[in-house]
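Peer 1: 3D model of this:
(one chain, ligands or ions: 1)
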Amino acid sequence: MMSARATERAVLSQGRAAVYEEPIGPAGVRVRERPTTEPVPGAVAVEIRAASINHLDLFMAHGAQRIDPPRVIAADGAGVVRASADPAWRPGDEVVIYPVVCDWECEWCRKGQNVRCPRFGVVGEHSDGTACELFHIDARNLFRKPKSLSWKEAGAFPLTFLTAWRMLTTRARLRAGETVLVVGASAGVAVAAIRIAKHLGARVFATSRSEAKRTRAVDIGAEAAFDSTDFSKAVRAATGDGVDVVFEHVGAATISESMRAVVQGGRIVTCGSTSGVKAEIMMPRLFWGQMDLLGSTMGNVGEFKAVLEAIDGGLRPVVDSVYPLADVEAALTRLDAAEQFGKVVLSVS
Ligand SMILES: [Zn+2]
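Peer 2: Below is the predicted model:
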């Protein structure tokens, strides 16, 4: 039975691992030792070199994700194959992990539409995660590590680059020469969006509350970066009639300004609601503006392959900081304080 290979059954986090145990914030994630086993048929055991954390891990640590502990955190990982129960991989192969759980067998997965799989989820949320020494995962989740990336970079990019890639290319259909506004520019997914939009030949603008982060946004490719307060005025001053695409993940606090910052017929694409799950929008602005309001989450395996090709073509993640696995609480605390610009990485071995 092929269904016996369902990814979630193949996923195991072993050895030393960062485990969400209590919904009390970063202090509720603790390093524990887990027993090691051989991979089940179709699965591969990867010695993780680097993993990285996302806001998702923080939401879970705060008890906001309705996930019952214990759960090993983190979606992103890169490492070296130790043992494989699938002919596609051999010990010593250097790999990165497609950070999605799905069954790989349903009609949608077979069509390459993993995001529509009824078993679709995030590694480290709907299964155990990559913040561990030895990670077992379905062989179909593994891809060759791009040679141009260091281990910490390879462990940094998967979830944010996959998410931002799908948002900008598949959903917002961004074309070279168009303008993009990336709202809340210091978050991992937003930093990925700046890099990707620039890589695709767009003109990129950004917003941040922090002057230091606005400077960083310009350093990595934004043409200009504006303060978060009433940013639509500054965007219109810089572009004339607004941007073609707004990249959103903040939600309630920014959606109104985002809708003022887009051109008539423009697209707003969002993957998050970090400022609250309910937002109010001016309906006439939406329909008189001929706007597309687009939702997106994570991405398909084909989009992950496209990210890997773009990395071969020069696309790079931004690593904010690196913590040893033992200091996972400090790493989560940095994210909790919104101090980061780019990805907070866990160095595992
Ligand atoms: Zn499926």
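
Peer 1: just the element for Val307, please.
Peer 2: Per DSSP states H and E: Val307 is located in helix 301-312.

Peer 1: then that helix to CSV, C-alphas only?
Peer 2: Coordinates of the C-alpha atoms in helix 301-312 are reproduced here as CSV (Å, rounded to 0.1, in the frame of the first residue of the first chain):
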residue,chain,number,x,y,z
VAL,A,301,7.2,21.2,-4.8
GLY,A,302,7.6,22.7,-8.3
GLU,A,303,7.8,26.1,-6.7
PHE,A,304,10.5,24.8,-4.4
LYS,A,305,12.5,23.5,-7.4
ALA,A,306,12.1,27.0,-9.0
VAL,A,307,13.6,28.6,-5.9
LEU,A,308,16.5,26.2,-6.1
GLU,A,309,17.1,27.1,-9.7
ALA,A,310,16.9,30.8,-8.8
ILE,A,311,19.6,30.2,-6.1
ASP,A,312,21.8,28.6,-8.8
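
Peer 1: and the contacts of it?
Peer 2: Contacting residues not belonging to helix 301-312 are listed as 96, 98, 100, 112, 114, 140, 143-144, 146, 148-149, 157-158, 161-162, 165-166, 169-170, 196, 199, 315 [C-beta atoms under 8 Å, 6 or more residues apart in numbering]. For every residue, glycine as well, the C-beta is placed using N, CA and C.

Peer 1: list the buried ones in that helix?
Peer 2: Val301, Glu303, Phe304, Ala306, Val307, Leu308, Ala310, Ile311 (16 or more other C-beta atoms under 10 Å).

Peer 1: can you check stretch 193-209 too?
Peer 2: Residues 193-200, 202-208 are the ones in stretch 193-209 that count as buried (16+ other C-beta under 10 Å).

Peer 1: what are the ranges of the helices in the stretch 151-300 of the chain?
Peer 2: With DSSP state H, counting those that start in this stretch, the ranges of helices along the stretch 151-300 of the chain come out as 151-154, 158-165, 188-199, 211-219, 231-239, 255-260, 283-288.

Peer 1: let's have these in a markdown table, adding distance to the ion.
Peer 2: Formatted as a markdown table, the helices of the stretch 151-300 of the chain follow (distance: least, C-beta to the ion, whole Å):
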| stretch | distance to the ion |
| --- | --- |
| helix 151-154 | 26 |
| helix 158-165 | 17 |
| helix 188-199 | 24 |
| helix 211-219 | 37 |
| helix 231-239 | 39 |
| helix 255-260 | 31 |
| helix 283-288 | 33 |
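
Peer 1: make TSV from those and add mean pLDDT to it.
Peer 2: Converted to TSV, the helices of the stretch 151-300 of the chain look like this (pLDDT from 0 to 100):
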stretch	mean pLDDT
helix 151-154	98
helix 158-165	98
helix 188-199	97
helix 211-219	97
helix 231-239	97
helix 255-260	97
helix 283-288	96
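
Peer 1: closest to Ile53 out of those helices?
Peer 2: Among these, helix 188-199 comes nearest to Ile53, with 8.8 Å by C-beta to C-beta.

Peer 1: roughly how far is the closest one from the heart of the chain?
Peer 2: Mean-position distance between helix 188-199 and its chain equals 11 Å (C-alpha atoms, centre = their mean, to the nearest Å).

Peer 1: contact residues of this structure facing the ion?
Peer 2: Proximity of the chain to the ion, by C-beta under 5 Å from the ion, involves residues Cys102, Asp103, Cys106, Cys109, Cys117.

Peer 1: quick one: the residues you listed as JSON lines, columns for neighbour count, secondary structure and pLDDT too.
Peer 2: Formatted as JSON lines, the residues of the chain next to the ion follow (neighbours: other C-beta atoms under 10 Å; DSSP: H, G, I helix; E, B strand; the rest coil; pLDDT from 0 to 100):
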{"residue": "Cys102", "neighbour count": "27", "secondary structure": "coil", "pLDDT": "96"}
{"residue": "Asp103", "neighbour count": "20", "secondary structure": "coil", "pLDDT": "95"}
{"residue": "Cys106", "neighbour count": "17", "secondary structure": "coil", "pLDDT": "97"}
{"residue": "Cys109", "neighbour count": "23", "secondary structure": "helix", "pLDDT": "97"}
{"residue": "Cys117", "neighbour count": "21", "secondary structure": "coil", "pLDDT": "97"}
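
Peer 1: hmm, back to that, just name the most buried of the helices of the stretch 151-300 of the chain.
Peer 2: With neighbours defined by mean count of other C-beta atoms under 10 Å, none of the helices of the stretch 151-300 of the chain is more surrounded on average than helix 158-165, at a mean of 28.

Peer 1: check the offset of it from the chain's centre.
Peer 2: 4 Å.

Peer 1: give me the angle between that helix and helix 188-199.
Peer 2: Helix 158-165 and helix 188-199 are oriented at 50 degrees to each other (axes from the mean of the first three to the mean of the last three C-alpha atoms, to 10 degrees).

Peer 1: what's the angle from helix 158-165 to helix 301-312?
Peer 2: Computed with the same axes, to 10 degrees, the direction of helix 158-165 lies at 100 degrees from that of helix 301-312.

Peer 1: can you list contacts of helix 158-165?
Peer 2: Here helix 158-165 makes contact (C-beta under 8 Å, 6+ apart) with 54, 56, 75-78, 96-100, 122, 188-193, 196, 247, 271, 296-299, 303-304, 306-307, 310, 315, 317, 343.

Peer 1: how about 6 Å then?
Peer 2: For helix 158-165, contacts defined as C-beta atoms under 6 Å, 6 or more residues apart in numbering pick out 54, 75-76, 99, 188-189, 192-193, 196, 271, 298-299, 303-304, 307.
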